[in-house]
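A.B. asks: I would like the atomic coordinates for the input below:
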Amino acid sequence: MSNEIVVGLDIGTTKIACIVGQAADNGKIKILGFGKCKSIGVERGVVKNVIDTSDSIRKAVDEASEMSGFDITEVYVGIAGQHISSMQNKGSIVLNPPHKIIDEEDINRLINEQENIVLKPGEEIIHILPQVFYADGEELTVNPIGVEANRLEATFHIVTGQSDNLRRIRTSVEAAGLKVKDVVLEPIASAESVLDAQDKEAGVALIDIGGGTTDIAIFENGIIRHTAVFSIAGDLITEDIRSACTILKHQAEQLKTKFGSCLPEMVSADDIISIPGMRSQAPREISMRNLASIIKARTELILGLAYQEIETTGYLKKLIGGIVLTGGGSNLRHMKDFSEFTTGIETRIGLPNEHLSTDSPEELTDPIYATGIGLLITGLNDLKAQKAAELREQAKRASTEPKHTETNIAEEIEEPAIDTNNATDSNEDSTQKPSNSKLGPFVASVRDWMTKIFNENEES
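C.D. replies: Just a heads-up that it's a prediction; the model follows:
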């Protein structure tokens, strides 16, 4: 994309959001335009109908394109769903020659080695996220690049998904006339928009309660430690209200978003909501306390499952930053208080406004846009990392090129066929290295990420 413009596309169960932005001079993100529409064809975060999903994507993209004045051709896409799984793996490589100074190529080689791990049938890798590096068996607390070693090891958090579901997402986006720049796990994207470096350093559990899935990402010591997705989320709360009150689904959704609360004791039993009946039917009435009781039951289950997931990782007692709730489900009244009551962990609501410029549309500060804004941030970080890598490669080539005297240059001009063509071919071969798109934006920025983390540790 030109002029550092990036597009994030959040394909959710209840909505599809497309956000266009670029880096502002003050380091914030300038929103150029956005579009949204009802999501059709997606269930529990998984594309079921490619044509319907593609049509929904096109509507959101067209709206964003018209507002921004930018011709959208490629997008960063979020992914979630029950099919997502993750694992920990430790990999190692032998460095050659012995006592080698570790460089970026060694890091990338170790990361690429993780592509060879055995997966379940029908799965493929979405992210390979480095966690801790070891040189000759010793854990490194500094940047591994520049360390002398014979053997390089690292632990990795590897995120996988079913190939069929990944293919349907890509097909839906391509059918809308777009190219998938990268696929990013939604809780990782959401974390980019609502967490900062201090949160991740202290230890925090992000819980993104969307329409079709609840996504979890745990960070500690600046490292992503765990990710999980389960398909109990906001749309089931809506279904509970619809069933209990015998009303239409869109009426249940309105009740949830306008009057919904997680704590019945905080709502007056005398407050009554009147719901229009169908045709000649009389209006239906429901007390706000009863509505809150319906919502509480399902929300308690969601938070209970999230708590169990956090507990099984062993990081429950390490979350100095507590729990950060985001996504549409976090908009329920008294959600913060109910989370603290249910889990016993300090909680805050994560708003995706920290990284946005002051002239950004107010609507985008709503937690429902956390994933979309996070995809935008991921794309901009990816662009920054790519530019930094290009500059390092240029500097590396310049440092290895022989320095010629005026006499040598004159000799080369007189006899251009001796070395010039061979040198050019060699340079082209060395720069045209195949990339691995499965590794995602995190691998593209791994060197910058490690430098930032270790610098922060040294300062602290």
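A.B. asks: low-scoring stretches of the chain, by residue?
C.D. replies: Applying pLDDT under 70 to the chain flags the ranges 1-3, 402-460.
A.B. asks: CA atoms only for stretch 100-118 - export them in PDB, please.
C.D. replies: This file holds the C-alpha atoms of stretch 100-118, laid out as PDB (Å, rounded to 0.1, in the frame of the first residue of the first chain):
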ATOM      1  CA  LYS A 100      29.300 -17.600  16.000                       C
ATOM      2  CA  ILE A 101      27.900 -14.200  16.700                       C
ATOM      3  CA  ILE A 102      24.100 -14.500  16.500                       C
ATOM      4  CA  ASP A 103      22.500 -12.400  13.800                       C
ATOM      5  CA  GLU A 104      19.000 -11.800  12.400                       C
ATOM      6  CA  GLU A 105      19.400 -14.600   9.900                       C
ATOM      7  CA  ASP A 106      20.000 -17.100  12.700                       C
ATOM      8  CA  ILE A 107      16.800 -15.900  14.500                       C
ATOM      9  CA  ASN A 108      14.700 -16.200  11.300                       C
ATOM     10  CA  ARG A 109      16.200 -19.700  10.600                       C
ATOM     11  CA  LEU A 110      15.200 -20.800  14.100                       C
ATOM     12  CA  ILE A 111      11.700 -19.400  13.600                       C
ATOM     13  CA  ASN A 112      11.300 -21.000  10.200                       C
ATOM     14  CA  GLU A 113      12.300 -24.400  11.700                       C
ATOM     15  CA  GLN A 114       9.000 -24.400  13.600                       C
ATOM     16  CA  GLU A 115       7.100 -24.800  10.400                       C
ATOM     17  CA  ASN A 116       8.200 -28.400  10.500                       C
ATOM     18  CA  ILE A 117       6.400 -29.400  13.700                       C
ATOM     19  CA  VAL A 118       3.800 -32.100  13.400                       C
END
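A.B. asks: quick one: it to chain centroid distance?
C.D. replies: Chain-centre distance of stretch 100-118: 23 Å, with Cα atoms, centre = their mean, to the nearest Å.
A.B. asks: again with stretch 219-231
C.D. replies: 11 Å.
A.B. asks: Okay, buried residues for that stretch please.
C.D. replies: Buried residues in stretch 219-231, counted by 16 or more other Cβ atoms under 10 Å: Phe219, Glu220, Gly222, Ile223, Ile224, Arg225, His226, Thr227, Ala228, Val229, Phe230, Ser231. Heads up, the C-betas are built off the backbone N, CA and C, glycines and all.
A.B. asks: from those, which two are the most distant?
C.D. replies: Maximum pairwise distance in those, criterion Cβ to Cβ, is 29.8 Å, between Gly222 and Ser231.
A.B. asks: Which stretches in the stretch 101-250 of the chain count as helices?
C.D. replies: For the stretch 101-250 of the chain, the helices defined by DSSP state H, counting those that start in this stretch cover 104-113, 163-175, 186-194, 197-202, 234-245, 249-259.
A.B. asks: buried ones in the second one?
C.D. replies: If I follow you right, that is helix 163-175. Neighbour-count burial for helix 163-175, counted by 16+ other Cβ under 10 Å, picks out Asn165, Leu166, Arg168, Ile169, Arg170, Thr171, Ser172, Val173.
A.B. asks: Need the residues that contact it.
C.D. replies: 9, 11, 41, 46-47, 50-51, 53-54, 57, 75, 77, 79, 81, 83, 122-124, 126, 179-180, 183 (Cβ atoms under 8 Å, 6 or more residues apart in numbering).
A.B. asks: CA atoms of that helix as PDB?
C.D. replies: Listed next in PDB are the C-alpha coordinates belonging to helix 163-175 (Å, rounded to 0.1, in the frame of the first residue of the first chain):
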ATOM      1  CA  SER A 163      -7.200 -25.100   6.900                       C
ATOM      2  CA  ASP A 164     -10.800 -25.200   5.700                       C
ATOM      3  CA  ASN A 165     -11.800 -22.300   7.800                       C
ATOM      4  CA  LEU A 166      -8.700 -20.300   6.800                       C
ATOM      5  CA  ARG A 167      -9.400 -21.000   3.200                       C
ATOM      6  CA  ARG A 168     -13.000 -19.800   3.400                       C
ATOM      7  CA  ILE A 169     -11.900 -16.500   5.000                       C
ATOM      8  CA  ARG A 170      -9.400 -15.900   2.200                       C
ATOM      9  CA  THR A 171     -11.900 -16.900  -0.500                       C
ATOM     10  CA  SER A 172     -14.600 -14.600   1.000                       C
ATOM     11  CA  VAL A 173     -12.100 -11.700   1.000                       C
ATOM     12  CA  GLU A 174     -10.800 -12.400  -2.500                       C
ATOM     13  CA  ALA A 175     -14.400 -12.800  -3.800                       C
END
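A.B. asks: how about the top helix by length along the chain: buried residues?
C.D. replies: Scanning the chain for the helix with the most residues, using DSSP state H, yields helix 370-400. By neighbour count on 16+ other Cβ under 10 Å, the buried set for helix 370-400 is 370-385.
A.B. asks: Pro144 and Leu152 touch, don't they?
C.D. replies: Yes - between Pro144 and Leu152 there is a contact at 6.9 Å, judged by Cβ atoms under 8 Å.
A.B. asks: list residues touching both of those two?
C.D. replies: In contact with both Pro144 and Leu152: Ile102, Ile107, Phe133, Ala135, using Cβ under 8 Å, 6+ apart.
A.B. asks: Give me the buried entries from the contacts of helix 163-175.
C.D. replies: Neighbour counting by 16+ other Cβ under 10 Å classes 9, 11, 41, 46-47, 50, 53-54, 57, 75, 77, 79, 81, 83, 123, 126, 180, 183 among the contacts of helix 163-175 as buried.
A.B. asks: Next, count neighbours for Gln308.
C.D. replies: Other residues near Gln308 come to 10 when the count uses other Cβ atoms under 10 Å.
A.B. asks: got it, and Ala60?
C.D. replies: Counted with other Cβ under 10 Å, Ala60 comes out at 25.
A.B. asks: between the helix or strand hosting it and helix 163-175, how many degrees?
C.D. replies: Ala60 belongs to helix 50-68 when assigned by DSSP states H and E. Orientation check (axes from the mean of the first three to the mean of the last three Cα atoms, to 10 degrees): helix 50-68 against helix 163-175 gives 50 degrees.
A.B. asks: what's next to whichever helix or strand comes after helix 50-68, contact-wise?
C.D. replies: Going down the chain from helix 50-68, the next helix or strand is strand 74-79, by DSSP H and E. Here strand 74-79 makes contact (Cβ under 8 Å, 6+ apart) with 1, 6-12, 18, 45, 61, 126, 161, 165-166, 169-170, 173, 178-186, 189, 371-372, 374-376, 378-379, 382, 441.
A.B. asks: Would you mind listing the buried residues in the next helix or strand along the chain from strand 74-79?
C.D. replies: Counting by DSSP H and E, the next helix or strand C-terminal to strand 74-79 is strand 85-94. Neighbour-count burial for strand 85-94, with 16+ other Cβ under 10 Å as criterion, is recorded at Ser85, Ser86, Gly91, Ile93.
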